[in-house]
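Visitor: here is my input; please provide its structure:
(one chain, ligands or ions: 1)
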Amino acid sequence: MAAPPTVAEATRSTPIVDRSDVLVVGGGPAGVSAAVAAARSGARVTLIERYPYLGGLASGGMVLVLDDMVNGAEITTTGLIGEAVERLEKLGLAVSPPIEERRVGWDVWRTWARWGCHDFRAHGKPQPIVYAVAFDPDGWKRVSEDLVVESGVNLRLHSWFSEPIVEDGRLRGAVVETKAGRQALLAEIVVDATGDLDVAARAGAPHVVGGYMVTTVFRLGNVFSALDRQAKRLLGGAWDFWWLKTPLPGIVWCNCPHMTGYDALKVEDMTAAELEGRRRIASLMAFARAELPGFAQCYLIDVAPQLGVRQSRLLEGEYVVTKEDVLERRHFRDTVCRGRDYYTPYRALLPKNVDQLIVAGRHYSADPQAQKISREIPPCMVQGQAAGIAAALALNRGSRLRDVDPVAIQRAMRAQGADPGDVPSANAAPATA
Ligand SMILES: Cc1cc2nc3c(=O)[nH]c(=O)nc-3n(C[C@H](O)[C@H](O)[C@H](O)COP(=O)(O)OP(=O)(O)OC[C@H]3O[C@@H](n4cnc5c(N)ncnc54)[C@H](O)[C@@H]3O)c2cc1C
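Guide: Modelled structure (predicted):
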């Protein structure tokens, strides 16, 4: 397709509104974690977020189960993610199976499958009940804000990143669009936690554009049980359990509809997906009220304010994690974070070409197939923690980010209570790269 015609914009002088050691762009699970970890390591941190709240897909996307946290009985995603769960539990806004119910059996399946606390990768029925946490989206916003504010991060909401400030291949900061006009923020190091690689891509870092189905997640109130097959057909795609329980009684969340063929980087496609999602939800509502036991009096509480984008741009960094790396649980010498049973090397957070930039979250350097199975909220938070720590170490030592010793990151992760995956579990395999 031919490129559209263009207009020439006048050159502008943009006011510098902030100077920090570390600028984190994007306040989702990875960005919050990166900001808090860097601040707790002594850096002056600024966190910018386009929306009026923190949490990304975990709050605005209403993705309400923390999963991919275990390797057998071992809980592998620890650190800030564990702290977030503890805080949610104190608010009464998190639910997870007790240890004695984390096993295989129809009795525990009947209790926990509707909470999304089963190992959905396991074959056969009933699938094992495992440690996973159902939580409330507003609780997640509050916990993210508390973590950020208490650690002294300078938080700037309502700030939409638009352009990187690059000098001689080195990132110097970012320009954001705000109600007050364009603003510049300068920093020694930038963390791209936008999920769509907005900063790294515009700064010229090599990347690929992947894609996967998108979803307008929604919640229904006043629900007490159900039958499912026709509902899934009306939604045009959904998991087996298209609705799951939440910590709030009578309120269920629906991680559907599954909508394919939309480009999550195109305004036209994203607009069409929002409208299509609402249309499908409306058609489901009519059926559910008429036909599904327990749904007769149900009502739509909300459709997630954020479109559920699972995958868009992916970094092609110093190392690209493959599907085999994830499935074969390959362990790297420079592992600095981990997901359920897989390991992420420091190199997968580092872009080629651009210095003093690090990425964390679902756009990390993985091929599209690998990312699909390694992008859940808990591992993104562990990645964020590693990125924030790496930034602080680079500043303290006056070194480039890419010269930070992964062993130092591993030690600092442990000191902050996070498992960096430096010690492989018994079922890991050594990586050759
Ligand atoms: C429908 C759906 C269901 C899912 N189900 C689960 C599940 O059950 N369990 C699970 O653990 N994971 C699930 N996931 C995956 C998980 O939600 C994401 O992979 C995870 O939230 C990624 O975290 P992140 O911080 O990398 O990115 P995001 O959560 O996308 O956060 C990115 C943040 O950056 C901000 N941002 C983006 N661009 C800009 C910009 N230009 N300027 C300023 N700010 C910007 C965004 O507003 C957002 O706050 C699901 C995802 C989807 C879409």
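Visitor: list the buried residues for stretch 316-327?
Guide: For stretch 316-327, a neighbour-count test (16 or more other CB atoms under 10 Å) marks 316-323, 325-326 as buried. For glycine as for every other residue, the C-beta is placed from the backbone atoms N, C-alpha and C.
Visitor: among those, which are in helices?
Guide: Among the buried residues of stretch 316-327, the members falling in helices (DSSP state H) are 323, 325-326.
Visitor: residue 283 contacts residue 234, doesn't it?
Guide: Yes - Residue 283 is within contact range of residue 234, at 5.3 Å (criterion: CB atoms under 8 Å).
Visitor: the more surrounded of the two?
Guide: Between residue 283 and residue 234, counting by other CB atoms under 10 Å, residue 234 is the more crowded of the two (18 against 14).
Visitor: did I read that right, that one in a strand?
Guide: No - counting by DSSP: H, G, I helix; E, B strand; the rest coil, residue 234 is not part of a strand but helix.
Visitor: what segments of the stretch 301-433 of the chain are helices?
Guide: 323-327, 368-372, 377-397, 406-415 (DSSP state H, counting those that start in this stretch).
Visitor: by contact count, what packs against the first one?
Guide: Read that as helix 323-327. When contacts are defined as 3 or more CB pairs under 8 Å, 6 or more residues apart in numbering; DSSP states H and E, helix 323-327 sits against helix 368-372.
Visitor: is any residue of the helix it packs on near the ligand?
Guide: No - interface with the ligand: helix 368-372 contributes nothing (CB under 6 Å from any ligand atom), its closest point being 8.7 Å away.
Visitor: any buried residues in that helix, and which?
Guide: For helix 368-372, by 16+ other CB under 10 Å, it's 370-371.
Visitor: closest one to residue 218 among the helices of the stretch 301-433 of the chain?
Guide: helix 377-397 (18.7 Å; CB to CB).
Visitor: phi, psi of the residue of the stretch 1-150 of the chain found nearest the ligand?
Guide: The ligand sits closest to residue 28 of the stretch 1-150 of the chain, with a gap of 2.0 Å, by CB to the nearest ligand atom. Main-chain dihedrals, residue 28, degrees, to the nearest 10: phi -80, psi -170.
Visitor: make JSON lines out of the helices of the stretch 301-433 of the chain and add mean pLDDT and distance to residue 87.
Guide: What follows is these, written out as JSON lines (pLDDT from 0 to 100; distance: least, CB to CB, whole Å):
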{"stretch": "helix 323-327", "mean pLDDT": "98", "distance to residue 87": "29"}
{"stretch": "helix 368-372", "mean pLDDT": "97", "distance to residue 87": "28"}
{"stretch": "helix 377-397", "mean pLDDT": "98", "distance to residue 87": "13"}
{"stretch": "helix 406-415", "mean pLDDT": "98", "distance to residue 87": "20"}
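Visitor: pLDDT score for residue 227?
Guide: Residue 227 carries a pLDDT value of 57.
Visitor: around the ligand, which positions in the stretch 251-400 of the chain sit nearby?
Guide: Of all the residues in the stretch 251-400 of the chain, those lying near the ligand are 255, 308-310, 361-362, 375-377, 380, going by CB under 6 Å from any ligand atom.
Visitor: report the central residue of the protein.
Guide: Nearest to the geometric centre of the chain sits residue 377, at 4.6 Å (CA atoms, centre = their mean).
Visitor: count of neighbours near the residue nearest to residue 339 when sequence neighbours are not counted?
Guide: For residue 339, ignoring the flanking residues on the chain, the nearest one in space by CB to CB, 6 or more residues apart in numbering is residue 379 at 3.4 Å. By other CB under 10 Å, 26 other residues sit near residue 379.
Visitor: now residue 152
Guide: Residue 152 has 13 neighbours, counted by other CB under 10 Å.
Visitor: that one reaches residue 38, doesn't it?
Guide: No - between residue 152 and residue 38 there is no contact under CB under 8 Å: 10.5 Å.
Visitor: quick one: contacts for residue 127?
Guide: 104, 109, 113, 118-120 (CB atoms under 8 Å, 6 or more residues apart in numbering).
Visitor: tell me which element residue 189 falls in.
Guide: Taking DSSP states H and E as the definition, residue 189 sits inside strand 181-192.
Visitor: what is that strand packed up against?
Guide: Right, strand 181-192 is packed against strand 16-25, helix 29-40, strand 45-48, strand 160-167, strand 170-178, helix 198-202, strand 357-359, helix 377-397 by 3+ CB pairs under 8 Å, 6+ apart.
Visitor: follow-up on the earlier one: just the buried ones among the contacts of residue 127, please.
Guide: 109, 113, 118-120.
Visitor: now intersect these with the helices, please.
Guide: Among these, the members found in helices (DSSP H) are residue 109.
Visitor: out of the buried ones among the contacts of residue 127, flag the one nearest to residue 250.
Guide: Nearest to residue 250 among these is residue 113, at 18.5 Å by CB to CB.
Visitor: surely the closest one meets residue 241?
Guide: Yes - assessed by CB under 8 Å, residue 113 is found in contact with residue 241 at 6.5 Å.
Visitor: brilliant, that's me finished.
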